[in-house]
Structures are given as structure tokens and as C-alpha cells.
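K.L.:
From the sequence below, what's the structure:
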Amino acid sequence: MAKKSKIWMGELLVGAIVVVSFLVEVYLYSLYTSTASSIFFTLILPILFAAVVIAGSLYGERTLINTIVGIAAVITFIVGSGSLYAYFSTEGGVFFGGVITVAVSIGLFVCILLREIYYRMGRQRESEVSSEVGNP
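P.N.:
A predicted model of the protein is given here:
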């Protein structure tokens, strides 16, 4: 398996972990509690996810779709870092930064899935064209 495929599979795995952990948090109704697991799942994990995607985008080839995914990752990283800072710098009140961070990271996950579908469709078309050229 090529290094690029391993990196993209890692991005998909981390993104799936973010989405599943958010759904578990919502299902267990502990999203707005001040537990360490809630902070990890709604703030720190999306930031790490964005960092992995940024590294993958810098390592991968320079295409329009990789640039879009990289920009979405940078936005996710900035929103997540700002939310983490706001969480620890404010006192009391209702905190919606975790929800916004997870929503942006789910959008990043959708971008990664669309990129993967785009590349798989491209590889499928290439194989169909090469088989048609080989068998006239």
C-alpha cells in the first residue's frame, strides 16, 4: 500500500473516531458536563484530527481537492484551538464551543470522504480506459 493511501486511511480513521465519539457523547447526554472525557472528545480530538489532515495535505500531491481539504483542516484547527482557549479562559456560562468545533470537524470529515470518493472514481475510470485501450 502506498504511503499516500496509508495517510488517507489514517485521516479517515481519525475522522470516524471523531464522529463516533461525538455521537456517543450526545447519546449519553454528557456533552455539556465538565468532565475530562467531554473536553477530550469535543475539543482536543478534533484539533488532533485537523493536525493529522494538515500533515497529510502537506505531504500529498498539490491538487485542488487536496487544497480544499487542507483549508478545511486549517479552519477546523483554528476553531478548535479558539474553543479550547475560550473554554479555559472563561468562567461559567453555557459553552457552545465544543458543539461548533465538532460540527466543523464533521464537515472536515465529509470533505475527506468526498476526496476519497473522487480519487476512487478517478482510478476506476483510468482502469476502464486502460482496459478499453488494451482490448479494442
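K.L.:
Checking F95 next. Helix, strand or coil?
P.N.:
Here F95 is recorded as coil under DSSP: H, G, I helix; E, B strand; the rest coil.
K.L.:
isn't it right up against L84?
P.N.:
No. With contact defined as Cβ atoms under 8 Å, F95 does not count as touching L84 (10.8 Å). The way it works is simple: take the backbone N, C-alpha and C, and place the C-beta from them, glycine included.
K.L.:
what about dumping the CA coordinates of stretch 82-100 to CSV?
P.N.:
C-alpha atoms of stretch 82-100 as CSV (Å, rounded to 0.1, in the frame of the first residue of the first chain):
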residue,chain,number,x,y,z
GLY,A,82,-10.1,29.1,19.8
SER,A,83,-12.8,27.0,21.5
LEU,A,84,-10.2,25.3,23.7
TYR,A,85,-8.8,28.7,24.7
ALA,A,86,-12.3,30.1,25.3
TYR,A,87,-13.2,27.1,27.5
PHE,A,88,-10.2,27.5,29.8
SER,A,89,-10.3,31.3,29.9
THR,A,90,-14.0,32.0,30.7
GLU,A,91,-15.8,31.4,33.9
GLY,A,92,-19.2,29.8,34.0
GLY,A,93,-22.0,30.2,31.5
VAL,A,94,-23.1,28.0,28.6
PHE,A,95,-20.3,26.9,26.4
PHE,A,96,-21.1,26.1,22.7
GLY,A,97,-17.5,26.0,21.5
GLY,A,98,-17.4,22.2,21.7
VAL,A,99,-20.5,21.9,19.5
ILE,A,100,-19.1,24.3,17.0
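K.L.:
Name the residues of it that come out as buried.
P.N.:
83-84, 87, 95, 97-98, 100 (16 or more other Cβ atoms under 10 Å).
K.L.:
so where do the helices sit in the protein?
P.N.:
Assigned by DSSP state H, the helices in the chain fall at 3-27, 36-39, 45-59, 64-89, 97-134.
K.L.:
May I see those helices organised as TSV, with mean pLDDT added?
P.N.:
Shown next, in TSV, are these (pLDDT from 0 to 100):
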stretch	mean pLDDT
helix 3-27	67
helix 36-39	64
helix 45-59	85
helix 64-89	89
helix 97-134	78
